[in-house]
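>>> how would this look folded up:
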Amino acid sequence: MVIITLVFAAIACYEWNFLQRRRRKTRTFWIVGCFWAAAFLYLMLIYSLQRFPSPNRLIEAVFTFGK
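The predicted structure is shown next:
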């Protein structure tokens, strides 16, 4: 779990520097940050709760809901 956090921190630093060097808008920072946070939280939930549904099962459930 610590390694996953370190990897995500490294990716976040890289993204932050990339966005600053390219002088992106504040909105872009928010979009990238929210996607990053959602991916990190989902991965931590998957790691913590082994029985948490995978994305494939969630997508399958959405498209086979009425059947």
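
>>> all helices of this structure, in order?
Taking DSSP state H to define them, one finds helices in the chain at 2-21, 26-48, 55-63.

>>> can you give me the buried ones in the second one?
The one in question is helix 26-48. Buried residues in helix 26-48, counting neighbours by 16 or more other Cβ atoms under 10 Å, are found at V32, F40. C-betas here are computed from N, CA, C, even on glycine.

>>> now do the same contact list for the spatially most central residue of the chain.
Geometric centre of the chain, nearest residue: A39, 1.3 Å, by Cα atoms, centre = their mean. A39 is in contact with F8, counting by Cβ atoms under 8 Å, 6 or more residues apart in numbering.

>>> now L43. Nearest residue, chain neighbours left out?
I4 (6.4 Å; Cβ to Cβ, 6 or more residues apart in numbering).

>>> turn the helices of the chain into a markdown table, including mean pLDDT.
A markdown table is the format used below for these (pLDDT from 0 to 100):
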| stretch | mean pLDDT |
| --- | --- |
| helix 2-21 | 92 |
| helix 26-48 | 90 |
| helix 55-63 | 82 |
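
>>> the closest residue to F40 other than its chain neighbours and N56: what is the separation?
In this structure, F40 finds its nearest non-sequential neighbour in F8, 5.0 Å apart by Cβ to Cβ, 6+ apart. According to Cβ to Cβ, to the nearest Å, F8 stands 22 Å off from N56.
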